[in-house]
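S.K.: Quick one, fold the following:
(4 chains)
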Protein chains: 2
Amino acid sequence: MFARDQVAGQLRRRIECGELTAESALPPERELAEALGVSRMTLRGAIEQLANEGLLVRQPNRRTRVAGDKISRSVAFMSFSEEMQTRGWRPHSQIRQMTAAVADVSVAAQLALEVGAKVIYLERLRFADDEPLALERLYLPYARFALLLALDLASQSLYSIIEQELGVRPVLAEESVEAVLLSAEEAGIFSLPVGSPALLTRRVTYDDQGQVIEAATSLYRGDRYRMTLVRRR
Amino acid sequence: MFARDQVAGQLRRRIECGELTAESALPPERELAEALGVSRMTLRGAIEQLANEGLLVRQPNRRTRVAGDKISRSVAFMSFSEEMQTRGWRPHSQIRQMTAAVADVSVAAQLALEVGAKVIYLERLRFADDEPLALERLYLPYARFALLLALDLASQSLYSIIEQELGVRPVLAEESVEAVLLSAEEAGIFSLPVGSPALLTRRVTYDDQGQVIEAATSLYRGDRYRMTLVRRR
DNA sequence: CAGTGGTCTAGACCACTGA
DNA sequence: CAGTGGTCTAGACCACTGA
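M.R.: Predicted coordinates:
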């Protein structure tokens, strides 16, 4: 465990339990670093983490403050199940594959694991009102989520399962979106012509501790799906 | 100007001009820092910037490598010009059309105007380093933005113009993203094969008063552009 | 084993704010 | 003016990879 994460965790707890209240200022960095027994640079790393999470607000030449209650919902992030339900569609899933596997270089990098570490591989075809809408492939760290292999994921939301069973809550996702064409195999799965347009999203999801939960790609058919966002600045 | 940004800029240029080619490894951090005349920590700050931009790929105990060729992009909501500049690409525009026009049902609804109200129609081909990357079509209310018709939009950012000239600041955008195929005409504009994949975004942008600034669609070529987001909840 | 990126330290100077 | 966060330095040790 790194000092930076320990310090961030400590500050996070003191904010959540109300010891550091909303809008209150943190002590000066030099004082706080000494009190916590770390260098100022390390403390600043922890503060940056919490600022990125939206818990702290920094201003040059001013003390860093605890953020207000305003939820800065830059881009709301939902599970497939939640998204379909808000759109008024019935979601369900067909599990195409679910196995223990071994992380290659790319998966390991995304999950912050070592190459060769055990992972869970899950491939699901996701339906909206009985029409296949997306092909999802995801990897999770085996050590933390092994229990999923024994559960029924066809009807339940993955996120609600890991929250209920493990108390793990996804709070942040880094996502990229690009346009691609369906390969022959993918086209067959959707019963669409080869070369149909599709949205490919790649996502890495984190819990409130900054731990990676999953690395996932989702391939959405282009003729039925449109992603929507609200962006602020 | 900070040393970190200067170093990041230098590396960015060396990547762009091909001196550091795709998939090639950077020199060891200790060597590179000395060659650039900065401390290793400062160099690492620059490397982190470029990694966040998607230009570099880091792996523990391995040399940092130059990423593949897709332009990947950052968080919140930026103008095309801003986005390209943070990526280290020179943005410019070719104005294909700019006229006063009349709002049809769809445009009127998006701009919160009446059908038949006067609007400005602007069609721009947007370049990153002299390569056409996106075809943008946008509508603005004529009453508020008539002065744009007299200005040079080829080299300046639309957002910076309306902020400087009118004090209007875009702060929120509702956006949708879908995957489409290029039509014959569009493919010709990008010099790509007909049927190439593309990202089509539709955007309505608001100022801090909640007034609509623009309704826009942008067609990004799928082979060179990837949208990235950070989502929270 | 030497090489590598990841982390951390204990300082330093800077620009800016506000009394 | 003292206080503050932002940046930077020149080291250090660590865990890990691969020869």
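
S.K.: Mind jotting down where the helices sit in chain A?
M.R.: Taking DSSP state H as the test, the helices found in chain A are A:3-16, A:29-36, A:40-53, A:80-86, A:105-111, A:142-145, A:158-166, A:184-190.

S.K.: Out of these, which gets the lowest mean score?
M.R.: In terms of average pLDDT, helix A:80-86 trails the rest of these, at a mean of 77.

S.K.: Next, count neighbours for the residue nearest to residue A:155 when sequence neighbours are not counted.
M.R.: Using C-beta to C-beta, 6 or more residues apart in numbering or on different chains and skipping the chain neighbours, the partner closest in space to residue A:155 is residue A:92 (6.2 Å). C-beta here means a position set from N, CA and C on the backbone, and glycine is covered the same way. For residue A:92, the count of nearby residues is 16 (other C-beta atoms under 10 Å in any protein chain shown).

S.K.: pLDDT value on residue A:92, please?
M.R.: pLDDT at residue A:92 comes out at 86.

S.K.: Does it touch residue A:153 like I think?
M.R.: No: if you go by C-beta atoms under 8 Å, residue A:92 and residue A:153 don't touch, sitting 10.4 Å apart.

S.K.: closest to chain B out of the helices of chain A?
M.R.: Smallest distance to chain B across these (C-beta to the nearest C-beta): 6.1 Å, for helix A:105-111.

S.K.: could the helices of chain A go into JSON lines alongside distance to residue B:82 and mean neighbour count?
M.R.: Output for these, formatted as JSON lines (distance: least, C-beta to C-beta, whole Å; neighbours: other C-beta atoms under 10 Å in any protein chain shown):
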{"stretch": "helix A:3-16", "distance to residue B:82": "30", "mean neighbour count": "17"}
{"stretch": "helix A:29-36", "distance to residue B:82": "30", "mean neighbour count": "14"}
{"stretch": "helix A:40-53", "distance to residue B:82": "20", "mean neighbour count": "18"}
{"stretch": "helix A:80-86", "distance to residue B:82": "29", "mean neighbour count": "17"}
{"stretch": "helix A:105-111", "distance to residue B:82": "27", "mean neighbour count": "17"}
{"stretch": "helix A:142-145", "distance to residue B:82": "38", "mean neighbour count": "17"}
{"stretch": "helix A:158-166", "distance to residue B:82": "33", "mean neighbour count": "16"}
{"stretch": "helix A:184-190", "distance to residue B:82": "35", "mean neighbour count": "14"}
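
S.K.: Is the residue positioned nearest the centre of chain A bridged to anything, and to what?
M.R.: Averaging the C-alpha coordinates of chain A gives a centre point, and the residue nearest to it by C-alpha atoms, centre = their mean is residue A:205 (1.7 Å). For residue A:205, the beta-bridge partners are residue A:173, residue A:214 (DSSP bridges).

S.K.: my read: it touches residue A:169, true?
M.R.: No: between residue A:205 and residue A:169 there is no contact under C-beta under 8 Å: 10.3 Å.

S.K.: Now distance to chain B too, for the helices of chain A, in a markdown table please.
M.R.: Shown next, in a markdown table, are the helices of chain A (distance: least, C-beta to the nearest C-beta, whole Å):
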| stretch | distance to chain B |
| --- | --- |
| helix A:3-16 | 14 |
| helix A:29-36 | 16 |
| helix A:40-53 | 8 |
| helix A:80-86 | 10 |
| helix A:105-111 | 6 |
| helix A:142-145 | 18 |
| helix A:158-166 | 10 |
| helix A:184-190 | 13 |
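
S.K.: Which among those helices is found nearest to residue B:136?
M.R.: Residue B:136 lies closest, by C-beta to C-beta, to one member of these: helix A:80-86, at 27.5 Å.

S.K.: Can you work out which other helices and strands pack against that closest one?
M.R.: Packing contacts for helix A:80-86, counted by 3 or more C-beta pairs under 8 Å, 6 or more residues apart in numbering or on different chains; DSSP states H and E, involve strand A:91-102, strand A:131-141, helix A:158-166.

S.K.: Give me the buried stretch members for stretch A:129-136, please.
M.R.: The neighbour-count check on stretch A:129-136 (16 or more other C-beta atoms under 10 Å in any protein chain shown) flags A:132, A:133, A:134, A:135, A:136 as buried.

S.K.: Sorry, wrong one. I was asking about stretch A:188-205.
M.R.: The neighbour-count check on stretch A:188-205 (16+ other C-beta under 10 Å) flags A:189-190, A:192, A:196-205 as buried.
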